[in-house]
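Q: need a 3D model of the sequence below.
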Amino acid sequence: MKVKQMKKRIQYMSVSLMLLVSTIFIGLVGTVGAIPPGIPGRPSGPTEGSHHVELEFRVSPVFAQSSHDISYNFIWGDSTNTWIGPFASGTGPVVATHEWTLVGMYQIQVQARDETTSETSELSEPLEITIVNLETPAMPEGPTKPEIGQLCEYSIPAIQAPSGHEVLYLFDWGDNLTTGWIGPYPSGWDFPIEASHAWNEDGEYQVRIKAKDNVTSNESDWSPPINITIGVTGPLFAITGLTGGFGVTAYIQNLLAPSKYVDYTIEVAGGTLPIFHAHRYYSGTVYIPSGSTVSVTIPKFFSLGRVKITVTAECAGEPVAVATYEAMVLFVYVMNIQEVEP
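A: Below is the predicted model:
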């Protein structure tokens, strides 16, 4: 009796051991036999683009073990990625889109995943793409003090667009009127971009221009404006301030005149005792765009006590702005500057 029980127990243990070995073997075979899908090729698509513009990229489909379905992971190089699929093994088209928010250079790579085994391929070779801003147009050139009703022409050099795309331009005349988008013009065209306008009321206006990529519709920033004055009288230039320190800096503003070169002089005279008396004379020339302010600085000078500083701006030998200041000088440091009424 005991022998029979022992034989049954041995048979039971043998069967259990065989089942356990079979289970482990099947698991090992399944694990070893899981093959990742093929490695995708380098993605195709643009190698240059504008930020905030959606761009399209493709990759050739790959094959998976036992014709399993496959998903694809596009890794954009900006800490984001996009999974698309699943697709039947070896089928497509495999297309994904992306837009970048910052300018820079990025590498795009793709990997494939077997949807049955979850095995993933290695990453593809990268496609490099450069994301750039659309170039901002230069300040327009043209008349700054036309007459009422005078038709005036304004122009800028053409800009370079990503991938050589054609470019549209918009002139804003500052009187609630624009040209609308004009063009398209070739990227980097050899001729200036021109438009004409006439103002019908006295006033001050700003003319500015922006550009738009004709393919991506990405728009540039506005250009620096050119200031237009019609029928407004007043001084053309002004000395708007003087600051001290180790030296003196004067500020000259072009109020209403066209952009031009201005000659300036800065005269320093004064001091408490003859040994500390200073008399310095500085001169130079600066270019001041219409409506802009430039600063001119003279180096430190030696004195002690109160001095008088006179700043003069001239055009064609004629004074156009003069201002006089008093200041305290402590050896080489200028402070307590106050303008003196003429």
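Q: quick check: Leu304 touching Tyr333?
A: No: in this structure, Leu304 is not within contact of Tyr333 by C-beta atoms under 8 Å, at 10.4 Å. No exception for glycine: its C-beta is placed from N, CA and C like everyone else's.
Q: those two: who's more crowded?
A: Leu304 (18 against 12; other C-beta atoms under 10 Å).
Q: for that one, which non-adjacent residue is closest in space?
A: Phe276 (3.8 Å; C-beta to C-beta, 6 or more residues apart in numbering).
Q: neighbours of that neighbour, how many?
A: 15.
Q: can you tell me how far Tyr185 sits from Glu135?
A: 13 Å (C-beta to C-beta, to the nearest Å).
Q: could you do Val59 as well?
A: 31 Å.
Q: out of those two, which sits in the busier spot?
A: Val59 (26 against 17).
Q: alpha carbons of stretch 39-55, as PDB, please.
A: Extracted in PDB, the C-alpha atoms of stretch 39-55 (Å, rounded to 0.1, in the frame of the first residue of the first chain):
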ATOM      1  CA  ILE A  39      15.300  50.600 -37.600                       C
ATOM      2  CA  PRO A  40      13.600  53.500 -39.400                       C
ATOM      3  CA  GLY A  41      15.700  55.400 -42.000                       C
ATOM      4  CA  ARG A  42      16.500  59.000 -41.600                       C
ATOM      5  CA  PRO A  43      13.300  61.100 -41.600                       C
ATOM      6  CA  SER A  44      12.800  63.400 -44.600                       C
ATOM      7  CA  GLY A  45      11.500  66.900 -44.600                       C
ATOM      8  CA  PRO A  46      12.600  70.600 -44.500                       C
ATOM      9  CA  THR A  47      16.100  71.400 -43.100                       C
ATOM     10  CA  GLU A  48      15.200  75.000 -42.400                       C
ATOM     11  CA  GLY A  49      12.000  76.600 -41.100                       C
ATOM     12  CA  SER A  50      10.500  79.400 -39.100                       C
ATOM     13  CA  HIS A  51       9.300  79.200 -35.500                       C
ATOM     14  CA  HIS A  52       5.600  78.800 -34.800                       C
ATOM     15  CA  VAL A  53       5.100  77.300 -38.200                       C
ATOM     16  CA  GLU A  54       3.900  73.700 -38.500                       C
ATOM     17  CA  LEU A  55       6.300  71.500 -40.600                       C
END
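Q: ok, Val59 touching Val94?
A: Yes: counting by C-beta under 8 Å, Val59 touches Val94, with 4.9 Å between them.
Q: quick check: which element contains Gln150?
A: Assessed by DSSP states H and E, Gln150 sits outside every helix and strand.
Q: burial count for it?
A: Using other C-beta under 10 Å, Gln150 is surrounded by 12 other residues.
Q: check Leu177 too.
A: 11.
Q: which residues are in contact with it?
A: Applying C-beta atoms under 8 Å, 6 or more residues apart in numbering to Leu177 gives the contacts His197.
Q: kindly report the same for Ser155.
A: For Ser155, the contacting residues are 140-142, 192-195, by C-beta under 8 Å, 6+ apart.
Q: switch to 10 Å and redo it
A: Contact analysis of Ser155 by C-beta atoms under 10 Å, 6 or more residues apart in numbering lists 138, 140-142, 171, 191-196, 209.
Q: now list the buried members of these.
A: Using 16 or more other C-beta atoms under 10 Å as the burial test, the contacts of Ser155 include 140-142, 171, 193, 195, 209 as buried.
Q: closest one to Thr178 out of those, please.
A: Lowest distance from Thr178 to those (C-beta to C-beta) belongs to Phe171, with 6.2 Å.
Q: pretty sure the closest one belongs to a strand, no?
A: Yes: secondary structure assignment places Phe171 in a strand (DSSP: H, G, I helix; E, B strand; the rest coil).
Q: what bridges to the spatially closest residue to Pro192 that is not a sequence neighbour?
A: Using C-beta to C-beta, 6+ apart and skipping the chain neighbours, the partner closest in space to Pro192 is Ser155 (4.0 Å). Beta bridges link Ser155 to Glu141, Glu194 when assigned by DSSP bridges.
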